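> okay, predicted coordinates and the sequence, questions at the end:
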Amino acid sequence: MAENPANAGNSVSARKKRAVGKHTYFWAPGRSLRIAFLSGDQAFKDAVKAAANNWLPHINLTFNFVEGESGDIRISSEPGIYWSMIGTNALLIDEGPTMRLSPDLRTPAFFAANVMHEFGHALGAEHEHLHPASNIPWNKPAVYAAHGVAEDADEGDYARRSVDERYFNLLDASDFDYTPYDPKSIMHYAVRQNWTLGDFKIDLNLVLSDKDKAFMAKAYPFPAAQTA
């Protein structure tokens with residue numbers, strides 16, 4: 001499988017969805033990703049490495065963590081923010097961060113879960129709650145209200161559209177590779193009970209699920225064992 005646009009030192013690859021992920025956003029299996037820290041203290045960097053490395057047993061990639069401004073993935077430490085470019089889209093950004101991570105280490109399990117989530121994006125995965133087969137019984141007015149969307153906002157309202165894109169607009173099945181919907185995925189948002197209809201909620205997932213591991217193993221396969 002080739003990366004897109006160039007699948008090498010400067011390339012972008014897209015797949016389909018992970019658990020949901022798009023073909024053209026996956027990196028070429030077997031390559032080493034150069035991951036640069038643009039900021040952050042040593043404790044932050046060590047915690048990021050430890051969490052990100054949870055993906056490595058399941059993917060045919062290596063992570064080369066470096067200092068400086070040159071990297072396929074570039075991480076900045078920014079309070080209160082967790083964000084990442086999807087897969088090889090990071091190569092479209094010439095400078096500056098392609099991933100932002102909050103340096104708050106007071107709750108290690110929460111921090112690690114967010115790092116694994118953002119590295120899932122960096123490996124090409126999309127949000128699992130937007131899986132084409134997701135069936136979350138959203139209470140949309142409650143979600144809109146929690147995000148400050150006016151009650152009379154129409155579909156063209158920016159705040160409403162932002163919430164729709166973040167929570168409600170499921171991915172087009174024709175555009176993505178995906179395994180069965182996985183509410184235990186590290187890529188799934190927590191779902192508050194008061195944001196849904198009936199007795200439904202999903203707690204924050206803190207570890208990689210079996211389907212997370214299987215999906216990434218398929219996206220980044222190791223070479224088949226050679227037999228004599």
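Perfect, thanks for sending it. Because the structure is a prediction, the values reported are computed rather than measured.
> how about the strands in the chain?
For the chain, the strands defined by DSSP state E occupy 32-37, 62-67, 73-77, 82-84, 99-101.
> single out the most deeply packed of those.
strand 99-101 (a mean of 25; mean count of other CB atoms under 10 Å). All C-beta atoms are positioned from the backbone trio N, CA, C, and that covers glycine.
> which strands and helices lie in contact with that one?
Using 3 or more CB pairs under 8 Å, 6 or more residues apart in numbering; DSSP states H and E, the elements in contact with strand 99-101 are strand 73-77, strand 82-84, helix 108-122.
> who's in contact with that strand?
Outside strand 99-101, the residues that touch it by CB atoms under 8 Å, 6 or more residues apart in numbering are 40, 44, 48, 73-78, 81-85, 90, 114-115, 118-119, 121-122.
> now swap in stretch 28-38 and tell me
Outside stretch 28-38, the residues that touch it by CB under 8 Å, 6+ apart are 1-3, 7-8, 11, 13, 27, 45, 48, 52, 59-77, 96-97, 219-223.
> same thing but at 7 Å, please
Residues outside stretch 28-38 that contact it (CB atoms under 7 Å, 6 or more residues apart in numbering) are 1-3, 7, 13, 27, 45, 60-76, 97, 220-221.
> just give me how far stretch 62-77 sits from the chain centre.
17 Å (CA atoms, centre = their mean, to the nearest Å).
> next: stretch 198-205.
With CA atoms, centre = their mean, you get 20 Å for stretch 198-205.
> ditto for stretch 76-92
In terms of CA atoms, centre = their mean, the centre of stretch 76-92 is set 9 Å apart from its chain centre.
> next one: stretch 151-162
Computed by CA atoms, centre = their mean, the chain-centroid distance of stretch 151-162 equals 25 Å.
> ok, residues contacting that stretch?
Contacts for stretch 151-162 (CB under 7 Å, 6+ apart): 144, 147, 148, 149.
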